[in-house]
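> Quick one, what's the 3D model for this:
(one chain, ligands or ions: 2)
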Amino acid sequence: METRLWKLNNSSVDDTLLQEAAQCLRDGEVVAFPTETVYGLGADGLNDKAVHKIFKAKGRPVDNPLILHIAQFEDLELLAREVSPLAKKLAAAFWPGPLTLIVKKTSIVPDSVSAGLDSVAVRMPVHPIAQRLIHLTARPLAAPSANKSGRPSPTDAKAVSEDLAGLIAGIIDGGPAKFGVESTVVDTTGRVPIILRPGSITKEMLEKVVGEVLLDPAVLGNTAVVAKAPGMKYRHYAPVAPMFLFVGTNARAAIASAAATCVKQGLKPAVLLGSSLQLAGVLAKNWQNDSVILAKNLYSWLREFDRAGSDIILAEGLSEDELGLAVMNRLRKAAGNNILRADLGQKLFVQNGTEPLFL
Ligand code: AMP
Ligand code: MG
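Ligands and ions are numbered 1, 2, ... in the order given. Reported below is the predicted structural model:
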C-alpha cells in the first residue's frame, strides 16, 4: 500500500489537505495524525472493519483496548452509558488535553475497540490538527499510538513512517509532539478515580480537582497483580537493545562506570542521564534534571539509540512525584523491568530482572 504524506503547519491548519485525510478515514482506512501526547493511528471508531486494520498494521494483540478520540463533550454521551459526576468534573477541568477517561460503554462502541470490556476509554485531544481532523471526519477516532506494537511510541512523523510506511493509508505530519508521553488514563467507573496509566496530567493535578485519587499497582511495576485492562500487561515502549534502569543515590556514577566497562568489553553503550557524560564510545543523552525534557524526548532518544546500533542502554531513574511517575512507568517498561540499585557506599545489585554482563 502506498502511504500518503500530508505535511501541515500547526499554526494555520489547512482544511484542504485535512479533508483528504478525513475522507480516507470515512472510507474505513487508517491514518496517523499528531496529538499533543504522541502520534496516533486513527480509524473510524464506530467501524469494526476499520478498527481491525489498526490492530493489523500495528501487530497489536486484540485484547489490548483502544482509546476513542472526540472533538466535543456531547460526543461522550453517545459513547458512554453513564457519565458520572466524577467523569464530568475531570472532563471540565482537563479537556481538551492529555487525559483519557474510562466510562461504561454504549452498544454503539464495537467490541474490537473495548477488547470485549464493558467500558471504553475516551479522550478529547487539544492538538489543533487532531481536533480539526476529528471534526471533519465527524466520527470518534479510535487511535492507539502509531508505532509497531511494543516499540517506543512515535513523537514525530519520521518515527511513524519508520514503523508503518506501506502499511497504512497516510500520515499527517504536524511536527514534534509537545508532551511526548501518552495520556493519563483514569478509571471513573467507581467511587474513587484510579490512575491506570500515568501521564502529563499528574496525580497531584487530579487530586486538586477531585480529592482522593488511587494508583493501580501495575503502574509501579507490580507485575504480580492482575491487570485492570488486558493491555496493561504487555511489554511496551521497548528499544531493540536491552535496557537497564538504574535507581538509588549513586545511580549516575554507577552508569558512568558500567558504560566504561561496556566499552572495554567491545560494546556500543548508550546512556540516558540527568547530567552530561562525555566518555569515548558512549552515546549519551542528557535530560538536565528536568522530567519535562525527559518526557518529551524519551521515545525519540530510544529510537535514535536503535538507529545508531547501540548494544545496550543504561538509564538513570528519577523520583516518582509529579511527571516523574509517568516517566518512570515508561522507563521501567522500556527496560523490561530490569532494575539495578546503586546507593552511595553500597555495592550495585540487581533489584529486579536479569543480571547484566557488566556487573
Ligand atoms: P494505547 O492506545 O497504546 O495508548 O493504549 C491504550 C491503553 O488505554 C490500553 O493499553 C489500556 O491500558 C487503556 N485502556 C483502553 N481502554 C480501556 C478500558 N476500557 N479499560 C481500561 N483501560 C483501558
Ligand atoms: Mg501504545
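
> who in the chain is up against ligand 2?
144, 145 (C-beta under 5 Å from the ion). C-betas here are computed from N, CA, C, even on glycine.

> Show me the shaky parts of the chain.
223-235 (pLDDT under 70).

> 50 instead, please
Applying pLDDT under 50 to the chain flags no residue at all.

> Flag every residue of it that's near ligand 1.
Counting by C-beta under 6 Å from any ligand atom, the chain comes close to ligand 1 at 64-67, 102, 114, 117, 119-121, 144-145, 182, 185, 196-197, 228-229, 231-232.

> So which of the residues you listed are in strands?
Of the positions in those, 67, 102, 119, 120, 121, 185, 196, 197 sit in strands, assigned by DSSP state E.

> Columns neighbour count on top of the residues you listed, output as a markdown table?
Formatted as a markdown table, these follow (neighbours: other C-beta atoms under 10 Å):
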| residue | neighbour count |
| --- | --- |
| 67 | 24 |
| 102 | 26 |
| 119 | 22 |
| 120 | 28 |
| 121 | 27 |
| 185 | 25 |
| 196 | 21 |
| 197 | 23 |
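
> how far away is the residue of the stretch 201-350 of the chain found nearest ligand 2 from residue 24?
Using C-beta to the ion, the closest approach of the stretch 201-350 of the chain to ligand 2 is made by residue 236 at 6.5 Å. Look at residue 236 and residue 24: by C-beta to C-beta, to the nearest Å, they are 28 Å apart.

> Can you name the residue of this protein nearest to ligand 2?
Ligand 2 sits closest to residue 145 of the chain, with a gap of 3.4 Å, by C-beta to the ion.

> Any idea what that residue is bridged to?
residue 40 (DSSP bridges).

> now residue 123
Beta-bridge partners, per DSSP bridges, of residue 123: residue 69, residue 100.

> What is the burial count for it?
29 (other C-beta atoms under 10 Å).

> Surely it and residue 68 touch.
Yes: counting by C-beta atoms under 8 Å, residue 123 does reach residue 68; the two are 7.5 Å apart.

> now the helices for the stretch 51-200 of the chain?
Using DSSP state H, counting those that start in this stretch, the helices of the stretch 51-200 of the chain run over 74-79, 85-94, 111-114, 128-137, 157-164.
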